[in-house]
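J.: No sequence on hand, only this structure:
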């Protein structure tokens, strides 16, 4: 059977950085998986943002399921200019959050793109998000931004490609 | 790019290392739609399976569902638990002694035609003949104002190795064109 789950690119930060971009992503895979371990530099700022192909239009939406050890909640955002990737598991400045973002069928040009996202922060909570980008364009660029803040040195971002037989 | 020998087994923020991640088979639904798809003759050479799904139902409702069964067992030998968010409320549910292992949310025909749901299903220790089989699922869809995010676990009360997987549209409708089901195997050291 053909082996797959190939690392496309890895970025381990050598200095504090606000935005991470994976560009010129090959369309050769079926799904993408982005695995991140993140800490932000200060308490300022809120959630982690993601955009595709530099699209800043109001073309993103989210349905979230989140828990913090006491309660479970669900919420949504519609017509956003970015994907809001977390709630209880938002990046902290004193602990590492980990997340796994699955971008399925990212290079097809027929359907909108649906994203599965799991984010965990051991001190805060856990999130399971489903996100939609209302575009039929193939995803060739992924941008992650920590608004009004930085990802700190040592934060890691690895993009994998999975190819179906 | 060169395939890696160390895959990442990660549907739900888990990054347990496996020695390899291999594509076993893929089913893409054609223009006529399909009420079910099957993977048969699954080799027992892996430690775990991962099923990565993209789907949409022809059901003339907001949502449709995909359900999973094994080895053509249509008995009430399955159960599952689910934690689901609909955008306003988080709820827990499940079923015991049913004929399928889990429900995966897909959009139905009343949602925008370009919107598809996604599910990542991990079937652990599928070839072991001493254990009942357990899966976990992360799935859902968003349609810009509606949708579901869900986490599920399920059990098949059978110690047989899983050699076939059937995914069926729960309400006897079809999975529509561009639905896509890909099965992967994950080897252990």
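T.: Here it is on my side, so go on. If you're wondering where the values come from, they're calculated on a predicted model, not measured in any experiment.
J.: hey, what's residue A:119 bridged with?
T.: Per DSSP bridges, the residues bridged to residue A:119 are residue A:99, residue A:127.
J.: and it, what is it in contact with?
T.: A:48, A:85, A:86, A:89, A:90, A:97, A:98, A:99, A:126, A:127, A:129, B:13 (CB atoms under 8 Å, 6 or more residues apart in numbering or on different chains). Heads up, the C-betas are built off the backbone N, CA and C, glycines and all.
J.: any idea which residue sits dead centre in chain B?
T.: residue B:121 (4.4 Å; CA atoms, centre = their mean).
J.: where exactly do the strands run in the chain?
T.: Just so you know, I chose chain A. Ranges of strands within chain A are A:3-4, A:6-12, A:19-22, A:31-38, A:49-52, A:60-67, A:72-80, A:83-84, A:97-104, A:113-121, A:125-133, A:142-145, A:156-162, based on DSSP state E.
J.: not quite, I wanted chain B
T.: B:7-9, B:16-18, B:20-28, B:36-39, B:48-55, B:63-70, B:78-85, B:90-98, B:103-107, B:117-124, B:133-142, B:147-156, B:165-169, B:180-187.
J.: and the third one, which residues are buried?
T.: Pointing back at strand B:20-28 there. B:20, B:21, B:22, B:23, B:24, B:25, B:26, B:27 (16 or more other CB atoms under 10 Å in any protein chain shown).
J.: Hmm, residue B:55 and the residue nearest to the centre of chain B touching each other?
T.: No: in this structure, residue B:121 is not within contact of residue B:55 by CB atoms under 8 Å, at 11.8 Å.
J.: which neighbours do the two share?
T.: In contact with both residue B:121 and residue B:55: residue B:104, using CB under 8 Å, 6+ apart.
J.: on that earlier part again, possible to save the contacts of residue A:119 as a markdown table with distance to residue B:102, neighbour count and pLDDT?
T.: As requested, the contacts of residue A:119 are exported to a markdown table (distance: CB to CB, whole Å; neighbours: other CB atoms under 10 Å in any protein chain shown; pLDDT from 0 to 100):
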| residue | distance to residue B:102 | neighbour count | pLDDT |
| --- | --- | --- | --- |
| A:48 | 29 | 27 | 93 |
| A:85 | 25 | 26 | 94 |
| A:86 | 25 | 26 | 91 |
| A:89 | 24 | 30 | 92 |
| A:90 | 29 | 21 | 91 |
| A:97 | 28 | 26 | 94 |
| A:98 | 25 | 18 | 95 |
| A:99 | 23 | 24 | 95 |
| A:126 | 20 | 23 | 96 |
| A:127 | 21 | 29 | 96 |
| A:129 | 19 | 30 | 97 |
| B:13 | 19 | 22 | 38 |
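J.: any chance of those residues in CSV, plus distance to residue B:132?
T.: CSV is the format used below for the contacts of residue A:119 (distance: CB to CB, whole Å):
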residue, distance to residue B:132
A:48, 38
A:85, 35
A:86, 34
A:89, 31
A:90, 37
A:97, 34
A:98, 30
A:99, 31
A:126, 26
A:127, 30
A:129, 30
B:13, 25
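J.: Neighbours of the closest residue to chain A within chain B, how many?
T.: Nearest residue of chain B to chain A: residue B:85, at 2.8 Å (CB to the nearest CB). Residue neighbour count, defined by other CB atoms under 10 Å in any protein chain shown, stands at 28 for residue B:85.
J.: From residue B:63, how far out is the nearest residue to it once chain neighbours are set aside?
T.: Of all residues not flanking residue B:85 in the chain, residue A:74 sits nearest, at 2.8 Å (CB to CB, 6 or more residues apart in numbering or on different chains). Per CB to CB, to the nearest Å, residue A:74 is found 15 Å from residue B:63.
J.: what sits against the residue nearest to residue A:33 when sequence neighbours are not counted?
T.: Excluding the flanking residues, the one nearest residue A:33 by CB to CB, 6+ apart is residue A:160, at 4.5 Å. Applying CB under 8 Å, 6+ apart, we find residue A:160 in contact with A:5, A:6, A:7, A:8, A:32, A:33, A:34, A:35, B:8.
J.: Report the beta-bridge partner residues of residue A:160.
T.: According to DSSP bridges, beta-bridge pairing links residue A:160 with residue A:7, residue A:33.
J.: From residue B:33, how far out is it?
T.: According to CB to CB, residue A:160 and residue B:33 sit 31 Å apart.
J.: can you check residue A:152 too?
T.: Residue A:152 is 49 Å from residue B:33, by CB to CB.
J.: So the two - more neighbours on which side?
T.: Set side by side, residue A:152 and residue B:33 show more neighbours around residue A:152, with 19 against 16, by other CB under 10 Å.
J.: quick one: contacts for that one?
T.: Going by CB under 8 Å, 6+ apart, residue A:152 touches A:13, A:16, A:39, A:40, A:41, A:93.
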